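Trainee: only geometry, no sequence info:
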């Protein structure tokens, strides 16, 4: 029996995921948690084969949670579940070492199949990502806007941005750049304001769009 833990801060989404796995005879949902910290605490105290992990969560997001689990070699395979379709985010998560990535719009049968494969050591990433092309004029406009934003960033902000895009925590970025975690957090807040994004995924997206990684 494959023991599955669901980590998602939206109760309805978490319950929906749990219900979608109910028909699988080879799976057992052993818990549902609301953030990365709770996921780590649960895995450290219980047997978990596969962790279904949302990216954006309070207290500790999915990226920081995944990095902790991989770094400390906790016994759980990680499948990220998200609405993000940007390949830059997928690439970062793949390089980080997570075992799978699926859109939350995936069917229950696909989710069950992927959990089964990942539990056997496979790495599976959603191949049905959006490839719709944006009109050329819109692409050029966005590129020009990004260049203007890039010119407004200080050298230190660029350094912080590059390290954050690797999935590093504020503390880890501080250790790399020899600055305090609080200073990193200040730069992170300023970066989000300047780039007009609201989360780490937005920072990662900008970094890859501008080829800064």
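Mentor: Alright, I've got the coordinates. Owing to the predicted nature of the structure, the values given are computational and were not obtained by experimental measurement. Numbers count the residues shown, from 1 in each chain.
Trainee: where does this protein have low pLDDT?
Mentor: Scanning the chain for pLDDT under 70 picks out the ranges 126-147, 213.
Trainee: tell me the domain boundaries of it?
Mentor: Split into domains by automatic domain parsing, the chain comes to 2-125, 136-209.
Trainee: can you list the ones you listed in a markdown table and add mean neighbour count?
Mentor: The C-beta positions use only the backbone N, C-alpha and C, and glycine is treated the same way. Supplementary listing: the domains of the chain in a markdown table, determined by neighbours: other CB atoms under 10 Å:
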| stretch | mean neighbour count |
| --- | --- |
| domain 2-125 | 18 |
| domain 136-209 | 16 |
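Trainee: which stretches of the protein form strands?
Mentor: Counting by DSSP state E, one finds strands in the chain at the ranges 2-7, 27-33, 50-54, 77-82, 100-103, 124-125.
Trainee: got a markdown table for the ones you listed, with distance to residue 191 too?
Mentor: Converted to a markdown table, those look like this (distance: least, CB to CB, whole Å):
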| stretch | distance to residue 191 |
| --- | --- |
| strand 2-7 | 26 |
| strand 27-33 | 29 |
| strand 50-54 | 23 |
| strand 77-82 | 21 |
| strand 100-103 | 25 |
| strand 124-125 | 27 |
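Trainee: do you know which of those lies nearest residue 157?
Mentor: Smallest distance to residue 157 across the strands of the chain (CB to CB): 26.1 Å, for strand 77-82.
Trainee: what's that closest one packed up against?
Mentor: strand 50-54, helix 62-71, strand 100-103, helix 108-119 (3 or more CB pairs under 8 Å, 6 or more residues apart in numbering; DSSP states H and E).
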